[in-house]
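Q: turn this into a structure:
(one chain, ligands or ions: 1)
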Amino acid sequence: MKQKLVVLSGAGISAESGLKTFRDSDGLWEGYHVEDVATLAAWQANMRLVQNFYNLRRKNVLEAEPNNAHFLLKQLEEKYEVQIITQNVDNLHERVGSSSILHLHGLITQAKSTYDDSLIYEIKGEEILMGDRCEFGSQLRPNIVWFGEAVPNIELATKLVEEADIMLVIGTSLQVYPAAGLVQYFDTRKQLYVIDPKKVPFSRTQNIHFIEAKATDGMIELMKLL
Ligand code: APR
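A: Numbering: from 1, shown residues only. Predicted coordinates for the structure are as follows:
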């Protein structure tokens with residue numbers, strides 16, 4: 001039986017695909033502070049602005065291509081049972097064919113009913129327009145977990161981390177909870193790898209291997225170690 005490799009990915013894995021991270025560039029995201037567009041309060045205050053913001057980001061995602069780090073994670077499936085837990089709302093892990101992907105913060109290519117959270121729709125094209133409605137007549141919003149909203153997949157993610165034999169954390173500053181707390185559930189007797197060009201702070205000192213590199217170079221390095 002293959003060993004279980006659980007991956008926690010963040011914005012950094014998609015940086016080399018041309019998608020901006022959240023906290024690297026002066027805290028601005030397409031000219032907005034994340035908190036001004038990625039909260040339920042922002043949506044309630046100005047739906048059109050928030051909708052347009054995500055329409056623009058969706059366009060960027062659709063124009064971007066997966067990079068070698070996404071491909072190498074797919075390749076690791078030959079040797080490991082790879083479970084990806086991603087904070088990213090892009091679909092780049094999907095587009096290389098990774099078999100098992102859990103999105104913690106939603107998926108930008110999907111719309112969600114504002115009447116019933118369980119009604120999820122694939123978006124045809126790039127935009128959700130004001131006036132696009134679910135089958136019960138409520139406005140559609142992006143299927144994104146905003147700040148202040150619950151993270152429905154966190155329990156399943158916790159279980160996957162607890163059950164894993166090896167863990168990789170790639171391209172995340174680990175500043176946003178509850179996602180950042182997942183690493184605490186990974187057994188300290190097992191090996192954890194971290195790929196990030198910056199030093200990400202960890203309380204763990206044992207069985208942790210830092211690869212201080214960009215995602216693509218870091219993944220090549222990791223493949224040699226595994
Ligand atoms: N390769 C790997 N890592 C990189 C690269 C790269 N080429 N470029 C930058 N990084 C690293 C940064 O050093 C940083 O540690 O990626 C990390 C990105 O951190 P954040 O911008 O904070 O992104 P993330 O951790 O994914 O954010 C978490 O915050 O705003 C919310 O919901 C949003 O899912 C997001 C969450």
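Q: wait, is residue 130 part of a helix?
A: No: going by DSSP: H, G, I helix; E, B strand; the rest coil, the assignment for residue 130 is coil, not a helix.
Q: up against the ligand, what does the protein have?
A: 10-12, 15-16, 21-24, 34, 87, 105, 171-173, 175-176, 196-198, 200, 214-215 (Cβ under 6 Å from any ligand atom). Using the backbone N, CA and C atoms, a C-beta is placed for each residue, glycine as well.
Q: from these, list the buried ones, please.
A: 10-12, 15-16, 21-23, 34, 87, 105, 171-173, 176, 196-197, 200, 214-215 (16 or more other Cβ atoms under 10 Å).
Q: relative to residue 157, how far out is the residue nearest to residue 154 when sequence neighbours are not counted?
A: In this structure, residue 154 finds its nearest non-sequential neighbour in residue 178, 4.9 Å apart by Cβ to Cβ, 6 or more residues apart in numbering. Taking Cβ to Cβ, to the nearest Å as the measure, residue 178 falls 9 Å from residue 157.
Q: tell me which of those two has more neighbours.
A: Under the criterion of other Cβ atoms under 10 Å, the comparison of residue 178 against residue 157 puts residue 157 first, with 23 against 13.
Q: packing partners of the helix or strand harbouring that one?
A: For residue 157, the host element (DSSP states H and E) is helix 154-163. Applying 3 or more Cβ pairs under 8 Å, 6 or more residues apart in numbering; DSSP states H and E, we find helix 154-163 packed against strand 4-9, strand 81-86, strand 101-103.
Q: export these to CSV and tack on mean neighbour count?
A: Formatted as CSV, the helices and strands packed on helix 154-163 follow (neighbours: other Cβ atoms under 10 Å):
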stretch, mean neighbour count
strand 4-9, 24
strand 81-86, 23
strand 101-103, 19
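Q: and the next helix or strand past the lowest-mean-pLDDT helix or strand in the chain?
A: Within the chain, no helix or strand scores below strand 28-29, which has a mean of 68 by mean pLDDT, DSSP states H and E. Proceeding N to C from strand 28-29, the next assigned helix or strand is strand 32-33, under DSSP H and E.
Q: quick one: mean pLDDT over that next one.
A: Per-residue pLDDT values over strand 32-33 give a mean of 83.
Q: any stretches of this protein with poor pLDDT?
A: Applying pLDDT under 70 to the chain flags residues 25-28, 30.
Q: let's see that with 50 instead.
A: For the chain, no stretch has pLDDT under 50.
Q: got the domain boundaries for it?
A: 1-19+66-105+151-226, 20-63+106-144 (automatic domain parsing).
Q: show me the helices in this protein, by range?
A: Using DSSP state H, the helices found in the chain span residues 34-37, 40-45, 47-63, 68-75, 92-95, 154-163, 215-225.
Q: looking at those helices, which is nearest to residue 116?
A: Residue 116 sits nearest to helix 40-45 of all the helices of the chain, at 16.0 Å, using Cβ to Cβ.
Q: and the closest one, how far from the chain's centre?
A: Chain-centre distance of helix 40-45: 22 Å, with Cα atoms, centre = their mean, to the nearest Å.
Q: buried sites along it?
A: Residues 42, 43 are the ones in helix 40-45 that count as buried (16+ other Cβ under 10 Å).
Q: okay, it in CSV with CA atoms only?
A: Taking C-alpha atoms only, helix 40-45 is exported to CSV below (Å, rounded to 0.1, in the frame of the first residue of the first chain):
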residue,chain,number,x,y,z
LEU,A,40,-19.4,38.9,4.0
ALA,A,41,-19.7,42.5,5.2
ALA,A,42,-18.1,43.8,2.0
TRP,A,43,-20.5,41.7,0.0
GLN,A,44,-23.5,43.0,1.9
ALA,A,45,-22.3,46.6,1.5
